[in-house]
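Q: Structural data only, the sequence is not supplied:
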């Protein structure tokens, strides 16, 4: 049983792109949390709220994508 090298290379590229996307997504959440904490310590309420909302949106979007991918 032989495998087509082109198909294997495409599968590896897809896995690499998915891994990179997940890493960027996690970094965005961590950066948002850091910005929110920094804003709170500097008494910048509006920036803290904005950063927290961005983190909330990213987390909810991640949950939706995870549920959708497990169903479909």
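A: Good, I have the coordinates. This is a predicted model, so every value here is computed, not measured. Residues are numbered from 1 along each chain as shown.
Q: in this protein, which ranges drop under the pLDDT threshold?
A: Applying pLDDT under 70 to the chain flags residues 1-9, 72.
Q: residue nearest the centroid of this structure?
A: Centroid-nearest residue in the chain: residue 25, 1.9 Å away (criterion: Cα atoms, centre = their mean).
Q: my guess is that residue meets residue 65, correct?
A: No. With contacts counted by Cβ atoms under 8 Å, residue 25 stays clear of residue 65, the gap being 9.2 Å. Where you see a C-beta, it was placed from the backbone N, CA and C, and this is true even at glycine.
Q: Pull the distance from the helix or strand hosting the residue nearest to the centre of the chain to the chain's centre.
A: According to DSSP states H and E, residue 25 maps onto helix 5-41. Remark: helix 5-41 is offset 5 Å from the chain centroid, using Cα atoms, centre = their mean, to the nearest Å.
Q: now for it, which elements pack on it?
A: In terms of contacts (3 or more Cβ pairs under 8 Å, 6 or more residues apart in numbering; DSSP states H and E), helix 5-41 is packed against helix 45-71.
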